[in-house]
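Undergrad: compute the structure for the input listed below.
(chains A and B)
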Amino acid sequence: MNEGLVVVVRAIISFFTLLIFAKILGKEQISQLTFFDYILGITIGSIASEATVDLSSRAWPHFVGLLSWAVLAYLMQYISLKWRYAAKIIEGEPVIVIMNGKIMDNVLRQMKFRASDILELLRNQGIFDMNEVDYAILEPNGSLSVLKKPEYLPLIRKDMNIKAKPTGISTELIYDGKLIEQNLRQMNKDKKWLINQLKKFGIRDVSEAFLVTLNDAGSLYVDKYNDEIKKVKDIGDYKGPY
Amino acid sequence: MRRILIIAIPVITLVLFVLIMHSGNFLKRPMGKDDDIPGTIDGIIEAVRNDSWDEADSRLKGLENAWKKVLFRVQFGSERDEINQLTKNIARLKGAVTAKDKSGALMELNEAYMHWDELGN
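TA: Below you'll find the predicted structure:
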């Protein structure tokens, strides 16, 4: 038996099966996962790795295991979407741990959190003075969302009655030297206009630009392949081998 | 069309993977003249019973070649232990045939048949 070849084939099977199931489950960003989602991810990954290297059993039982976990996860997602009550039990819900500046110690006890844990989460958000906090909500994924008291909120233009022109989001017009015509049309521009703009930056052809973006306010960002920077600053603090 | 492809490609991929994983049971069946393992085992059993050791030895060489061919096909859908056990059976059978040990040879042949049967299941 060519074990290396068999492992490669099983790795391909596990890899693409996991990719397909992960796409179907459509998970949120890592930061939004609940504890159970995290455990689910580890378990499914563990099954996939066993499917790849455990040659003492066939790949099929591992595939069935992967499929079962994926189907159950999908089912839980579906039930949570359709039935609010179940969602509350399965995913939990956010709880207020600080209200009007006061710590809800009975809630902390229920959540098995200590005051030191809350202080740590606040420090992670740059809050070192509890007096700044108006509300703090513990999310199901274990993170803390904080609303500061109005006097501690950062100043915004609205407070100063300064009108701000909307900038919109940047759209890529050139990516890795290639023109994205669809985006150009979307921004109501044409290639002739783009080339004229690029000439101001010393670019004669689209392929010379690494990245070009344009936003709704008309701000054009251009980055060339040839940045003419002779030496990139070394920000390392140790000499190292290179 | 694009939507159909987005659904069809993963489905076809998964079906292909399932077929590969179940391929052992199908691909172990004889496809030519010289990869018929159960037939060869039966032939060796007959030869051993009749004390035709030269014939048994000749058929044993055929069994080794057949197993090499079948092994390449079934390795993706079978357990490593079953494959290794069958390989060991053939090795021990060689010794039994050389030693003209009837009981040993028959034991190994029957065990080999059992392992071949389990292959891919």
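
Undergrad: what's the burial count for the residue of chain A at minimum distance from chain B?
TA: Among residues of chain A, the one nearest chain B by Cβ to the nearest Cβ turns out to be A:Leu55. It sits 3.9 Å away. Where you see a C-beta, it was placed from the backbone N, CA and C, and this is true even at glycine. Here the number of neighbours of A:Leu55 (other Cβ atoms under 10 Å in any protein chain shown) works out to 19.

Undergrad: so it makes contact with B:Glu82?
TA: No: using Cβ atoms under 8 Å, A:Leu55 makes no contact with B:Glu82, being 10.8 Å away.

Undergrad: just to revisit the earlier point, wait, is the residue of chain A closest to chain B part of a strand?
TA: No: following the definition DSSP: H, G, I helix; E, B strand; the rest coil, A:Leu55 is coil and is not counted among the residues of a strand.

Undergrad: tell me the confidence at A:Thr17?
TA: A:Thr17 is assigned a predicted lDDT (pLDDT) of 93.

Undergrad: isn't there a strand covering it?
TA: No: judged by three-state DSSP, A:Thr17 forms no part of a strand; its state is helix.

Undergrad: residues contacting it?
TA: A:Ala48, A:Phe63, A:Leu66, B:Leu14, B:Phe17 (Cβ atoms under 8 Å, 6 or more residues apart in numbering or on different chains).

Undergrad: torsion angles phi and psi at A:Leu220?
TA: Reported as degrees, to the nearest 10, the phi and psi values for A:Leu220 are phi -100, psi 130.

Undergrad: quick one: neighbours of it, just the number.
TA: The local packing of A:Leu220 (other Cβ under 10 Å) involves 16 other residues.

Undergrad: and what of B:Ala96?
TA: Here the neighbour count serves as a burial measure; for B:Ala96 (other Cβ under 10 Å) it reads 20.

Undergrad: so it makes contact with B:Ala112?
TA: No: look at B:Ala96 against B:Ala112 with Cβ under 8 Å: they stay out of range, at 11.2 Å.

Undergrad: host element of residue 42?
TA: In the absence of a named chain, chain A is used. Applying DSSP states H and E as the criterion places A:Ile42 in helix A:35-53.

Undergrad: right idea, wrong chain: chain B
TA: When elements are assigned from DSSP H and E, B:Asp42 belongs to helix B:37-49.

Undergrad: which residue sits closest to B:Met107, ignoring its sequence neighbours?
TA: Distances taken as Cβ to Cβ, 6 or more residues apart in numbering or on different chains place B:Ala96 nearest to B:Met107, at 8.0 Å, with adjacent residues excluded.

Undergrad: residue ranges with poor pLDDT in chain A?
TA: Chain A contains residues with pLDDT under 70 at A:27-32, A:242.

Undergrad: any idea which residue of chain B lies closest to chain A?
TA: B:Arg80 (3.9 Å).

Undergrad: give me the pLDDT for that residue.
TA: According to the model, B:Arg80 scores 88 on pLDDT.

Undergrad: mind checking how far it is from A:Val6?
TA: 8 Å (Cβ to Cβ, to the nearest Å).

Undergrad: where do the contact lists of the two overlap?
TA: When contacts are counted by Cβ under 8 Å, 6+ apart, B:Arg80 and A:Val6 have A:Leu55 as shared neighbours.

Undergrad: CA atoms only for stretch B:85-101 - export them in PDB, please.
TA: These are the backbone C-alpha positions of stretch B:85-101, laid out as PDB (Å, rounded to 0.1, in the frame of the first residue of the first chain):
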ATOM      1  CA  GLN B  85      -3.200  -8.800   6.800                       C
ATOM      2  CA  LEU B  86      -3.800 -10.100   3.300                       C
ATOM      3  CA  THR B  87      -0.200  -9.300   2.400                       C
ATOM      4  CA  LYS B  88       1.000 -11.200   5.500                       C
ATOM      5  CA  ASN B  89      -1.300 -14.200   4.600                       C
ATOM      6  CA  ILE B  90       0.300 -14.400   1.200                       C
ATOM      7  CA  ALA B  91       3.800 -14.300   2.800                       C
ATOM      8  CA  ARG B  92       3.000 -17.000   5.300                       C
ATOM      9  CA  LEU B  93       1.400 -19.100   2.600                       C
ATOM     10  CA  LYS B  94       4.600 -19.000   0.600                       C
ATOM     11  CA  GLY B  95       6.300 -20.600   3.600                       C
ATOM     12  CA  ALA B  96       3.600 -23.200   4.000                       C
ATOM     13  CA  VAL B  97       3.700 -24.200   0.400                       C
ATOM     14  CA  THR B  98       7.500 -24.400   0.400                       C
ATOM     15  CA  ALA B  99       7.400 -26.500   3.600                       C
ATOM     16  CA  LYS B 100       4.500 -28.600   2.000                       C
ATOM     17  CA  ASP B 101       2.500 -27.900   5.200                       C
END
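
Undergrad: roughly how far is that stretch from the heart of the chain?
TA: Mean-position distance between stretch B:85-101 and its chain equals 15 Å (Cα atoms, centre = their mean, to the nearest Å).

Undergrad: average model confidence for that stretch?
TA: Taken as a whole, stretch B:85-101 carries a mean pLDDT of 93.
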